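[1] model the following, please.
(chains A, B, C and D)
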There are 2 protein chains.
Amino acid sequence: MSRAEQKERTRRAIINAAFSQLSADKSFASLSLREVAREAGIAPTSFYRHFADMDELGLTLVDEAGLMLRQLMRQARQRIEKNGSVIRTSIETFMEFVTGHSNVFRLLLRERSGTSAAFRSAVAREIQHFVAELAEYLRKETTCPDELARAQAEAMVTLVFHTGADALDAPSDQYAYLTSRTITQLRWLAHGAASYGRKHKD
Amino acid sequence: MSRAEQKERTRRAIINAAFSQLSADKSFASLSLREVAREAGIAPTSFYRHFADMDELGLTLVDEAGLMLRQLMRQARQRIEKNGSVIRTSIETFMEFVTGHSNVFRLLLRERSGTSAAFRSAVAREIQHFVAELAEYLRKETTCPDELARAQAEAMVTLVFHTGADALDAPSDQYAYLTSRTITQLRWLAHGAASYGRKHKD
DNA sequence: AAAATGAGCGAACAGTTGTAAGCTAAAGCG
DNA sequence: CGCTTTAGCTTACAACTGTTCGCTCATTTT
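    Coordinates of the predicted model:
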């Protein structure tokens, strides 16, 4: 096996070890370099061959989490084309992500308000992708001025994200309720923004 | 000085020390018993005379934070009676709290999705007070059915809370924008809920 | 074939942490 | 006044942490 290839392999082992140690009661901040190294099957000091410190690993994790989110978005778009129902499809896709990769979602959720400014802005950047894409959609679909489309998109993403957080602590038989509640909230927003916009125009 | 009195005094010293060590880059989880004891001016082992462990202290902090929130709500009600504008007054009062007691707000914000289930549900309980009160107001003021009033209140609280989180990382000259953006979002919600409710009735 | 590179390792260090055991001295109480 | 209670202290220990140093040895380069 080539050297670069092997290096990439243990790099992945480190990343996977870190992800797998995240859980409901273990945040990234509470991971230790030694624990991660142990699970990755390397000596603690070998960690430094791949990352300068835990922060650098953390930023990598956030990046990967963002990647998954964007893949999710693409998947949602495909489903919408076939399915039609924009709001419901989007939320259901998102909820599948939350339940299927809860550790990844938890990482974003926690680091969004965590103790590292770098982490916070990295997460914020990933979420902004969501917002920007949704805002563009709203701008096309409705007759909303740019500024308001963005505010509407931000509110929607906030509500959906928050519902994901709720789902993490709720028994799974609550998911259907959480989903339908959020759908209602988003419809209110869309409805209100449309009629409020009209009112402003007239 | 009486014994009980003195005990209460150092208990407060511990609580205050903990609060004062919280900051943008230091969460409760990253506080150590020894650090807190040091700042409180007692020996590390004396800590145990007041709390069984750090978790017990943490729950106390969350309780106190919740108390401040409820005081805030009362204050907001008073202002509304004089001022009239419900939405704007509520948000502005809340934003004053966020900026004036940012450590306290950060505690709630972080522990809401933290690693301790006990903390999470303690924070959730405090937020539910907000939601319940707002839902009751909406039920009286509008002709909304109970279930929908609650969903509307939850959405509103979510948006306001999230705006507070945004404010923590935004330069202070952005506060006015954040506030007015949120006001718009809440109006959309109210408007949408009202007309959507009507539509459902007909 | 010889030299250079670099991933991984073990040992060691200095620092921190939570917590147990036992003492002191002041307050409360009969 | 004597006895009990208890907040706070000092000392101590075992467990961990991140990180430095110097080594090995397989791969790559010259």
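
[2] and the longest helix for chain A?
    Longest helix in chain A by number of residues, with DSSP state H as the criterion: helix A:54-83.

[3] does that one reach DNA strand C?
    No: Helix A:54-83 does not reach DNA strand C (Cβ under 7 Å from any atom of the strand); its nearest approach is 13.6 Å. For every residue, glycine as well, the C-beta is placed using N, CA and C.

[4] for A:H101, grab phi and psi.
    When quoted as degrees, to the nearest 10, the phi and psi of A:H101 stand at phi -130, psi 60.

[5] so how far is A:L109 from it?
    From A:H101 over to A:L109 the distance is 12 Å, taken as Cβ to Cβ, to the nearest Å.

[6] more crowded one of those two?
    Between A:H101 and A:L109, A:L109 has the larger neighbour count (other Cβ atoms under 10 Å in any protein chain shown), namely 21 against 16.

[7] that one contacts A:D166, correct?
    No: proximity of A:L109 to A:D166 does not meet the contact threshold set by Cβ atoms under 8 Å, at 10.8 Å.

[8] so, low pLDDT: which residues of chain A?
    A:197-202 (pLDDT under 70).

[9] in it, which spans are strands?
    In chain A, no segments count as strands under DSSP state E.

[10] up against DNA strand D, what does it have?
    Proximity of chain A to DNA strand D is assessed by Cβ under 7 Å from any atom of the strand, with A:1-4, A:32-35, A:44-45, A:48, A:53-54 identified as the residues in range.

[11] let me know the closest of those residues to B:A17.
    A:S32 (25.6 Å; Cβ to Cβ).

[12] mind giving me the domain split of chain A?
    A:1-51, A:53-201 (automatic domain parsing).

[13] closest one to chain B among these?
    Closest approach to chain B among these is made by domain A:53-201 (3.0 Å; Cβ to the nearest Cβ).

[14] please see if that closest one touches chain B.
    Yes: taking Cβ under 8 Å from any Cβ of the partner chain as the criterion, domain A:53-201 and chain B are in contact, through A:106, A:109-110, A:112-117, A:120-121, A:124, A:148, A:151-152, A:154-155, A:158-159, A:162, A:165, A:168-169, A:181, A:184-185, A:187-193, A:195-196.

[15] A:T142 contacts A:E136, correct?
    No: applying Cβ under 8 Å, one finds A:T142 not in contact with A:E136, separated by 11.4 Å.

[16] can you list residues touching both of these two?
    When contacts are counted by Cβ atoms under 8 Å, 6 or more residues apart in numbering or on different chains, A:T142 and A:E136 are jointly contacted by A:A149.

[17] out of the domains of chain A, flag the one nearest B:R74.
    If we rank those by Cβ to Cβ, the stretch that ends up nearest is domain A:53-201, at 25.6 Å.

[18] centre of the chain to the closest one, how far?
    7 Å (Cα atoms, centre = their mean, to the nearest Å).

[19] so where do the helices sit in chain A?
    Read by DSSP H, chain A holds these helices, from start to end of the chain: A:3-21, A:33-40, A:54-83, A:86-100, A:102-111, A:117-141, A:146-169, A:175-201.

[20] residues from chain A in reach of DNA strand C?
    Taking Cβ under 7 Å from any atom of the strand as the criterion, chain A approaches DNA strand C at residues A:3, A:6-7, A:10, A:41-46, A:49-50.

[21] from the contact counts, what lies against the longest helix of chain A?
    Counting contacts by 3 or more Cβ pairs under 8 Å, 6 or more residues apart in numbering or on different chains; DSSP states H and E, helix A:54-83 is packed against helix A:3-21, helix A:33-40, helix A:86-100, helix A:102-111, helix A:117-141.

[22] which of the residues in the first one are classified as buried?
    Looking back up the chat, that one is helix A:3-21. For helix A:3-21, the buried set under the neighbour-count rule, 16 or more other Cβ atoms under 10 Å in any protein chain shown, comprises A:10-11, A:13-15, A:17-19, A:21.

[23] dump those into CSV; add distance to B:G66 as well.
    Putting these into CSV (distance: Cβ to Cβ, whole Å) gives the following:
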residue, distance to B:G66
A:T10, 46
A:R11, 44
A:A13, 43
A:I14, 40
A:I15, 38
A:A17, 37
A:A18, 34
A:F19, 33
A:Q21, 31
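
[24] picking up where we left off before, and the residues of chain A next to DNA strand D as TSV, adding distance to A:V62?
    Output for the residues of chain A next to DNA strand D, formatted as TSV (distance: Cβ to Cβ, whole Å):
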residue	distance to A:V62
A:M1	29
A:S2	29
A:R3	28
A:A4	24
A:S32	19
A:L33	18
A:R34	22
A:E35	19
A:P44	23
A:T45	25
A:Y48	20
A:D53	15
A:M54	13
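
[25] for those residues, name the two members farthest from one another.
    Using Cβ to Cβ, the pair of the residues of chain A next to DNA strand D lying farthest apart is A:S2 and A:S32, separated by 31.1 Å.

[26] of those two, which one has the most company?
    Under the criterion of other Cβ under 10 Å, the comparison of A:S2 against A:S32 puts A:S32 first, with 11 against 7.

[27] the more buried one and DNA strand C: what is the separation?
    Shown here: A:S32 relative to DNA strand C, a distance of 10 Å by Cβ to the nearest atom of the strand, to the nearest Å.

[28] now swap in A:D53 and tell me
    Shown here: A:D53 relative to DNA strand C, a distance of 16 Å by Cβ to the nearest atom of the strand.

[29] so who does that residue touch?
    Contact criterion Cβ under 8 Å, 6+ apart gives A:L33 as the residues in contact with A:D53.

[30] quick check: phi and psi on it?
    Note on A:D53: backbone dihedrals following degrees, to the nearest 10 are phi -170, psi -180.

[31] measure it to A:V36 for me?
    12 Å.

[32] just to revisit the earlier point, from the residues of domain A:53-201 next to chain B, which would you call buried?
    The neighbour-count criterion (16+ other Cβ under 10 Å) marks A:106, A:109-110, A:112-116, A:120, A:148, A:151-152, A:154-155, A:158-159, A:162, A:165, A:181, A:184-185, A:188-193, A:196 among the residues of domain A:53-201 next to chain B as buried.
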